[in-house]
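Participant: here's my sequence, what's the structure:
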Amino acid sequence: MIKRIVKLTFRLDEIENFRQIFENSKSKIRSFAGCHHVELLQGTVEKNIFFTFSVWDDEAALNKYRHSILFKETWAKTKALFLDKPEAWSVDLVDQG
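Facilitator: Numbers count the residues shown, from 1 in each chain. Now for the predicted structure:
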């Protein structure tokens, strides 16, 4: 399994719009084949910085989602709200401590 972390920085006046987009799409993303978990995190100081954290079977499952109509439609709405370029990382668990 891989974990995906995406950092999203929004214009302050677009935070609620993004939260609505996420609310409307989260159950569809969570039920996408190969997805095991999706959560949304918000910065404690910089409230316009969000992170999505998701868990996928593998890179192929993630890429299938990234090429889906669901992703393309959701991303088109989301990217219009950005203040800064998004950043993304796919990571493997090394130590659970």
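Participant: need the per-residue pLDDT for Gln96.
Facilitator: Reading off the confidence values, Gln96 has pLDDT 86.
Participant: phi, psi for it please.
Facilitator: Dihedral angles phi and psi of Gln96 (degrees, to the nearest 10) take the values phi -90, psi 0.
Participant: relative to Ser90, how far out is it?
Facilitator: Taking CB to CB, to the nearest Å as the measure, Gln96 and Ser90 are separated by 18 Å. Where you see a C-beta, it was placed from the backbone N, CA and C, and this is true even at glycine.
Participant: between the two, which one's more packed in?
Facilitator: The residue with more neighbours, out of Gln96 and Ser90, is Ser90; 14 against 4, by other CB atoms under 10 Å.
Participant: is that one bridged to anything, and to what?
Facilitator: Going by DSSP bridges, Ser90 is paired in beta bridges with Arg4.
Participant: quick one: secondary structure of the spatially most central residue of the chain?
Facilitator: Here the mean C-alpha position of the chain is nearest to the C-alpha of Thr52 (CA atoms, centre = their mean), at a distance of 3.8 Å. What DSSP: H, G, I helix; E, B strand; the rest coil gives for Thr52 is strand.
Participant: nearest residue to it other than its sequence neighbours?
Facilitator: Leaving out its chain neighbours, the residue that sits closest to Thr52 by CB to CB, 6 or more residues apart in numbering is Val6, at 4.7 Å.
Participant: what's the neighbour count on that neighbour?
Facilitator: 14.
Participant: now do the one 3 residues further on
Facilitator: The number of residues packed around Thr9, counting by other CB under 10 Å, is 16.
Participant: so what touches stretch 60-80?
Facilitator: For stretch 60-80, the external contacting residues (CB atoms under 8 Å, 6 or more residues apart in numbering) are 2, 4, 8, 18, 21, 25, 28-29, 32-35, 54, 56, 86, 90.
Participant: got it, and stretch 87-97?
Facilitator: Contacts with stretch 87-97, where a contact means CB under 8 Å, 6+ apart, come from Met1, Ile2, Lys3, Arg4, Ile5, Val6, Lys7, Glu59, Leu62.
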